[in-house]
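**Student:** With the input below, show me the fold.
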Amino acid sequence: MGLGVTRNDLVSALGWLVEAGVDTLVGDAARTWLEPVAAVPVRADPPAMLRVQAQPAMPAASLAIGVDSLPALIAAITNYRSGALVDDGVAASGVMLVGDAPTGDDIAAGRLFAGANGQLLDNMLASIGRDRGSAYLTNISYWPDGAPAAAFLERQLQLARPRAILALGGVATAALCGAGAGINRMRGRWQVARIGGDEIPVLPTFHPAYLLRQPQHKALAWADLCAFRALADA
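**Tutor:** Numbering: from 1, shown residues only. Predicted coordinates:
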């Protein structure tokens with residue numbers, strides 16, 4: 001490997017980074033997350049991922065806008081993407097959890113948040129006195145080319161009209177609130193999803209999959225859940 005660096009040295013260094021909570025590589029050189037970063041220009045229009053992407057030929061975009069009920073929207077999504085897993089729980093609960101795309105466990109089980117991720121999420125919900133019967137679980141739908149289908153998510157929010165949203169992970173947070181500073185900085189800090197003329201409070205927290213890899217951060221997630229419960233149950 002050169003320069004006297006052995007495989008064990010690299011494995012030890014990687015292990016230290018994992019224990020320190022590093023979950024994303026953004027450059028070739030290490031830097032502290034407390035270091036000031038350049039300000040992100042603020043746009044006056046809605047977050048890019050909640051605007052219909054520049055895909056006018058996609059019939060699903062206009063179809064999503066035209067439906068007038070959640071069952072019809074879910075049917076539209078599953079018809080557009082065969083086998084898609086879209087939602088679970090009860091939309092009328094007023095409490096919505098948004099994650100990323102389904103995992104292999106989800107697809108195998110035919111439900112969102114299955115396997116170890118789902119078991120941990122169920123425990124998280126139970127810790128604030130809820131379960132899948134008193135919450136609405138969904139995830140981000142994608143076009144066949146992998147781009148987020150913004151029209152579906154936006155229409156789903158309009159139809160479900162949740163009082164509060166728990167965003168599970170950085171992808172869901174960005175989709176709901178626009179580009180941010182990363183989940184480690186945004187977790188525990190209330191954000192806003194602007195849907196039409198409505199503003200819905202959004203609390204970012206860690207995704208269950210991340211907590212399974214970084215169990216030392218469960219204490220932070222518990223603090224987020226307590227803050228979320230205080231508003232959702234108000």
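
**Student:** quick one: residue 200 from residue 131, how far?
**Tutor:** Noted for residue 200: a distance of 22 Å to residue 131, by CB to CB, to the nearest Å. Bear in mind the C-beta positions are built from the backbone N, C-alpha and C, glycine included.

**Student:** do residue 71 as well
**Tutor:** From residue 71 to residue 131 the distance is 22 Å (CB to CB).

**Student:** go on, residue 92?
**Tutor:** Distance from residue 92 to residue 131, by CB to CB: 15 Å.

**Student:** just to revisit the earlier point, of residue 200 and residue 131, who's got more company?
**Tutor:** Shown here are residue 200 and residue 131; by other CB atoms under 10 Å, residue 200 has more neighbours (19 against 12).

**Student:** Report the contact partners of that one.
**Tutor:** Residues near residue 200 by CB atoms under 8 Å, 6 or more residues apart in numbering: 157, 162-165, 192-194.

**Student:** Assumed it was part of a strand.
**Tutor:** Yes: counting by DSSP: H, G, I helix; E, B strand; the rest coil, residue 200 is part of a strand.

**Student:** Which pLDDT value does the model give it?
**Tutor:** In this model, residue 200 is scored at 95, pLDDT.

**Student:** Low-confidence ranges, the chain, go.
**Tutor:** By pLDDT under 70, the weakly predicted segments of the chain are 1-63, 82-83, 143-147, 179.

**Student:** What strand or helix carries residue 192?
**Tutor:** Assigned by DSSP states H and E, residue 192 belongs to strand 191-195.

**Student:** Sheet partners, orientation included, of that strand?
**Tutor:** Counting by DSSP bridges, the strands paired with strand 191-195 are strand 198-205 (antiparallel).

**Student:** buried stuff in the strand it pairs with?
**Tutor:** The neighbour-count check on strand 198-205 (16 or more other CB atoms under 10 Å) flags 200, 202-205 as buried.

**Student:** follow-up on the earlier one: top of the contacts of residue 200 by neighbour count?
**Tutor:** Neighbour counts for these, by other CB under 10 Å, peak at residue 165, which reaches 28 neighbours.

**Student:** Tell me which residues are up against the helix or strand containing that residue.
**Tutor:** Assigned by DSSP H and E, residue 165 belongs to strand 164-168. With CB under 8 Å, 6+ apart as the test, strand 164-168 has contacts from 94-100, 121, 157, 173, 176-177, 191, 193, 200-208, 224-225, 228, 231-232.

**Student:** Surely residue 189 and residue 202 touch.
**Tutor:** No: the pair residue 189 / residue 202 is not scored as a contact, 9.9 Å apart, by CB atoms under 8 Å.

**Student:** So what sits opposite the nearest residue to residue 111 once chain neighbours are set aside in the bridge?
**Tutor:** Distances taken as CB to CB, 6 or more residues apart in numbering place residue 88 nearest to residue 111, at 5.8 Å, with adjacent residues excluded. On the basis of DSSP bridges, residue 88 is bridged to residue 137.
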